[in-house]
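Peer 1: Turn this into a structure:
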Amino acid sequence: MDSRAEIRDFLTTRRAKVTPELAGLPNYGGRRRVSGLRREEVALLAGVSVDYYTRLERGNLTGVSDGVLEALVRALQLDDAERAHLFDLARAANTTAATARGRRRPTSQLRPVVQRLLDAMTMAPAYVRNGRLDVLGANPLGRAVFAPLFDTAAATPNIARFIFLHPASQEFYRDWENLAGDTVALLRAEAGRDPYDRALTDLIGELSTRSDVFRTWWAVHNVRLHRSGVKHLHHPEVGDLTLAYESLDLTTDVGLRLNAYTAEPGSPSQDALDLLASWTAAPHERPVARPIPEA
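Peer 2: Sure thing, here's the model as predicted:
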């Protein structure tokens, strides 16, 4: 990926979101040629010269200090995900391809102990994914809940490909548009963390070529953190599911996250999960039908 273009477009799109009113600056009226702040206004808020900020916005973050980056965070009113992305872009700008190849690479396979941990979670659907949204492993209940994803022909299912390229995704995800936007933002953030990941670049190229929606949203440069939330699904067998999720880093395995889902106790979604869990239980774990005593 073009590091300078990524920096330029990110800073430009963030600047366009902040109005003088939001920044606490006077607006003397008249027609403004930009939708948000001017460069000189950002420079004023960040405490740097206009020439220096112009250099930054043109994509040159070489040698920039953490103090200047934090000043940009405040001036552009960046949230936690945007702040992390800005620091990732700066780190990439100061890293050569040769240096990046020498760094510890993200884990590409699931360790057996992690799969055993997943399998032990019998009442909570769970899976492990990488930053490209490849699903590297899941427990039986996770495969049952996300059956449309695992039913695709891919040996390693990819959540982004499923959402943007598989027609079943819009029926499966009841809040498809919000989820699709979050998916683009997750990939954008991952591209900032690891711009030399060839598989990620290929995935983004494929999605941009085959999906007009993805291509349009990719140009917006939004980023997200994926920590917790709620998924609204329509399962082909048990109907609607509303599941809360937590997303946890596997600290030993670089770049891998475990996503686990639960339903509200006593809710229809919990009943549906219990039914799916009974279908996926190993034979020795399945409840044994007891004869009804005669009256």
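Peer 1: which SS state does Leu225 fall under?
Peer 2: Under the three-state scheme (DSSP: H, G, I helix; E, B strand; the rest coil), Leu225 adopts coil.
Peer 1: could you list every residue that touches it?
Peer 2: Residues counted as contacts of Leu225 (C-beta atoms under 8 Å, 6 or more residues apart in numbering) are Asp80, Ala81, Ala84, Ala189. The C-beta positions use only the backbone N, C-alpha and C, and glycine is treated the same way.
Peer 1: let's see 10 Å
Peer 2: For Leu225, the contacting residues are Asp79, Asp80, Ala81, Glu82, Ala84, His85, Ala185, Leu186, Ala189, Ser247, taking C-beta atoms under 10 Å, 6 or more residues apart in numbering as the criterion.
Peer 1: Run a quick neighbour tally on the fifth one.
Peer 2: What that stands for is Ala84. 17 (other C-beta atoms under 10 Å).
Peer 1: All the helices of the stretch 1-150 of the chain, in order from the start?
Peer 2: 3-17, 20-23, 39-46, 50-57, 66-75, 80-93, 97-102, 112-120, 140-145, 147-150 (DSSP state H, counting those that start in this stretch).
Peer 1: I'd like to know which of the contacts of Leu225 are buried.
Peer 2: Ala81, Glu82, Ala84, His85, Ala185, Leu186, Ala189 (16 or more other C-beta atoms under 10 Å).
Peer 1: List the residues that contact the residue most central in space within the chain.
Peer 2: Here the mean C-alpha position of the chain is nearest to the C-alpha of Leu186 (C-alpha atoms, centre = their mean), at a distance of 2.5 Å. Contact partners of Leu186, counting by C-beta under 10 Å, 6+ apart, are Ala81, Arg129, Gly131, Arg132, Leu133, Ile159, Ala160, Asn222, Val223, Arg224, Leu225, His226.
Peer 1: now do Ala154
Peer 2: In this structure, Ala154 makes contact with Asp134, Val135, Arg161, Phe162, His166, judged by C-beta under 10 Å, 6+ apart.
Peer 1: Now do the same for it: helix, strand or coil?
Peer 2: When states are read from three-state DSSP, the local structure at Ala154 comes out as coil.
Peer 1: Report pLDDT for the residue lying closest to Leu141 once chain neighbours are set aside.
Peer 2: The shortest distance from Leu141 to any residue other than its chain neighbours is 4.5 Å, reached at Pro125 (C-beta to C-beta, 6 or more residues apart in numbering). Predicted confidence (pLDDT) at Pro125: the value is 97.
Peer 1: Same check on Tyr196?
Peer 2: pLDDT, the model's per-residue confidence, is 88 for Tyr196.
Peer 1: swap in Leu225?
Peer 2: Leu225 carries a pLDDT score of 88 in this model.
Peer 1: can you check Val34 too?
Peer 2: Confidence score, pLDDT, at Val34: 75.
Peer 1: which residues touch it?
Peer 2: By C-beta under 10 Å, 6+ apart, the contact list for Val34 reads Thr12, Arg15, Ala16, Glu41.
Peer 1: need the longest helix for this structure.
Peer 2: Ranked by residue count under DSSP state H, the longest helix found in the chain is helix 176-193.
Peer 1: chain center to it, what's the gap?
Peer 2: Its chain's C-alpha centre lies 5 Å from the corresponding centre of helix 176-193 when counted by C-alpha atoms, centre = their mean, to the nearest Å.
Peer 1: Low-confidence ranges, the stretch 1-150 of the chain, go.
Peer 2: When residues are selected by pLDDT under 70, those of the stretch 1-150 of the chain lie in 1, 28-31, 96-106.
Peer 1: ok, back up a step: closest one of the buried ones among the contacts of Leu225 to Leu22?
Peer 2: Of all those, Glu82 has the smallest distance to Leu22: 14.6 Å, by C-beta to C-beta.
Peer 1: wait, doesn't that closest one sit right on His221?
Peer 2: Yes: counting by C-beta atoms under 10 Å, Glu82 sits close enough to His221 to count as a contact (9.3 Å).
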